[in-house]
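> Show me the folded form of this:
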Amino acid sequence: MRIGQDRDMTYTYNYPRPAVTADCVVITREKEPRVLLIQRGNEPFKGCWAFPGGFMDMDETTEECAVRELEEETGMKVKELQQIGAYSKDLRKDEETLMVPVYMVPFL
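As a prediction, the model looks like this:
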């Protein structure tokens, strides 16, 4: 828990805010590189292929979110990430406005 935050604090705002997620791009360094994708287990787009990632918790950074989501969805434990971009428009065409930092994960 961060300094100044009450564990039972409710987050409410007078204006809409985007949700924050973090995605990981994992590419092998082979002669013919491969990309790691997961099959989505939940709507929207249940059953579709996607980069590993998910929603950020209130008490973590986007980097911590990316590491946690990658481990939850693939079992991969990583320490090294490099942000390669942040995207916010029409990413998933669902009802929620998202802000998505994307991280490259070095992988042999």
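> so the residue sitting nearest the centre point of the chain is in which element?
Central residue of the chain (Cα atoms, centre = their mean): residue 22, 2.1 Å from the mean position. Per DSSP states H and E, residue 22 falls inside strand 19-28.
> what are the pairing partners of the next helix-or-strand element following that strand, and which direction each?
Per DSSP H and E, the first helix or strand lying C-terminal to strand 19-28 is strand 38-39. Sheet pairing of strand 38-39 (DSSP bridges) gives strand 49-50 (antiparallel).
> out of everything not next to it in sequence, what's closest to residue 26?
Leaving aside its sequence neighbours, residue 26 sits nearest to residue 36 (Cβ to Cβ, 6 or more residues apart in numbering; 3.9 Å). For glycine as for every other residue, the C-beta is placed from the backbone atoms N, C-alpha and C.
> Can you tell me how far the one you found is from residue 68?
Taking Cβ to Cβ, to the nearest Å as the measure, residue 36 falls 16 Å from residue 68.
> Kindly state the beta-bridge partners for the residue nearest to the centre of the chain.
residue 54.
> what secondary structure does residue 73 sit in?
Assigned by DSSP: H, G, I helix; E, B strand; the rest coil, the conformation of residue 73 is helix.
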